[in-house]
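Colleague: Attaching a predicted model along with its sequence, questions to come.
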Amino acid sequence: LEAARQLEPLNFDLARQAYLTAYASAFSASYLGQRGVFLEICRAIEDLPPRPGTPDAIDLLLEGMARTHTDGRATAMPILKRAVTAVADMPHDDVLRWGWMAPFSSHVTWDPDASTAIYERQAQIIREAGALAELPVYAQSLALDKAWNGDLAAAALRHAGRGDTGEAHGAQQQQVEGAL
């Protein structure tokens, strides 16, 4: 959080990325993190001045995620619905860097079709980029998405093939056994 604040006057884009990292870290830490830090991050995100022009996917994700926790779902929902659309067109570099945060907006807005499209696009971009160490994570996410949406056959197929790529280059596999 402090790093993001210090970056604001120097490089606004890096500051936004630092806020997104701070949010994701605090969200992941949940109750294990320092008391009050998560809301402090959300309020700092809300205090960011708007960027000139149309907000991009990161702008909308940041604002929507922060407002979910400070102002509630009713306020955040329209922002997150716009984020769903923006995330679908996120540049490849942003998918490689922030893809794991991208489905947040579609999950909160209960848009399973958008979730599936995001996961499929992510897996394709990761595959095309040759990021084989990352591919099992995205393939597993897609398998879980398929299971959550009731397509158990597709989930099982994706789950069964998750190790092929990772084992080919010696990456350690993340196991999510019993999820299907």
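Modeller: Arrived safely.
Colleague: how near is the residue nearest in space to the middle of the chain to R35?
Modeller: By CA atoms, centre = their mean, the mean C-alpha position of the chain lies nearest to M101, the distance being 0.8 Å. M101 sits 23 Å away from R35, going by CB to CB, to the nearest Å. Bear in mind the C-beta positions are built from the backbone N, C-alpha and C, glycine included.
Colleague: can you pull out the helices in this protein?
Modeller: Along the chain, the stretches classed as helices by DSSP state H are 2-7, 12-29, 37-46, 57-70, 73-88, 92-98, 103-108, 112-129, 135-148, 152-160, 162-169.
Colleague: Next, the angle from the fifth one to helix 57-70.
Modeller: An angle of 160 degrees separates the directions of helix 73-88 and helix 57-70 when computed by axes from the mean of the first three to the mean of the last three CA atoms, to 10 degrees.
Colleague: how far is helix 73-88 from where the chain is centred?
Modeller: Centroid separation for helix 73-88 versus its chain: 13 Å, with CA atoms, centre = their mean, to the nearest Å.
Colleague: what does stretch 62-79 give?
Modeller: With CA atoms, centre = their mean, you get 15 Å for stretch 62-79.
Colleague: likewise stretch 147-159?
Modeller: Worked out by CA atoms, centre = their mean, stretch 147-159 lies 21 Å from the chain centre.
Colleague: any chance of the helices of the chain in CSV, plus mean neighbour count and mean pLDDT?
Modeller: Shown next, in CSV, are the helices of the chain (neighbours: other CB atoms under 10 Å; pLDDT from 0 to 100):
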stretch, mean neighbour count, mean pLDDT
helix 2-7, 14, 92
helix 12-29, 17, 89
helix 37-46, 18, 93
helix 57-70, 22, 92
helix 73-88, 19, 92
helix 92-98, 16, 79
helix 103-108, 22, 86
helix 112-129, 18, 88
helix 135-148, 21, 86
helix 152-160, 15, 75
helix 162-169, 14, 45
